[in-house]
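**Student:** Sequence plus predicted model, see below.
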Amino acid sequence: MNQRERDDLLQFLQPLLRTRATDKDFAAEILILDQCARQPDALYLLVQRAMTLESALEAAQARIAEQQGALAADTVTQDATRDTTLARAGTDDRSGAWGRGLCSAGTRAAATACLGTSRPPRPTTRATT
């Protein structure tokens, strides 16, 4: 183990020393203790696995943030391109709700703002005599 690995391990273990389980399932605890007693390397393997999963989660979160940033940048570029195209055409048809992007949000609230209703009108039935 090198110094960085040692520091990572201590950083991972420190919160465990400060935390107490307040709502412990005793049947689960007995099962865990029993299985750990049968496998001498269980604690080592559990910590190793938990650290690996934590690292994978952090990497996935970083990747998601990166992709969200790229998506936001693409949206800004597309908006600028659209504005340039409209300016060249001599029109800027963004005065209505659609042009301001209210309907494109895809939410029920946006649909209500655009259409004035949260659900489609019901067909009327005529009484037959």
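**Tutor:** Right, received. Where do you want to start?
**Student:** what are the ranges of the helices in this structure?
**Tutor:** With DSSP state H as the criterion, the chain has helices at 3-18, 26-38, 42-89, 108-115.
**Student:** What is the neighbour count of R6?
**Tutor:** Other residues lying near R6 total 10 when counted by other Cβ atoms under 10 Å. For glycine as for every other residue, the C-beta is placed from the backbone atoms N, C-alpha and C.
**Student:** Over to L71?
**Tutor:** Other residues near L71 come to 10 when the count uses other Cβ under 10 Å.
**Student:** what about it, distance to I64?
**Tutor:** Plainly put, L71 is 10 Å away from I64 if you go by Cβ to Cβ, to the nearest Å.
**Student:** what does T84 give?
**Tutor:** As for T84, its distance to I64 is 30 Å (criterion: Cβ to Cβ).
**Student:** before we move on, what about L43?
**Tutor:** To I64, L43 is 31 Å away according to Cβ to Cβ.
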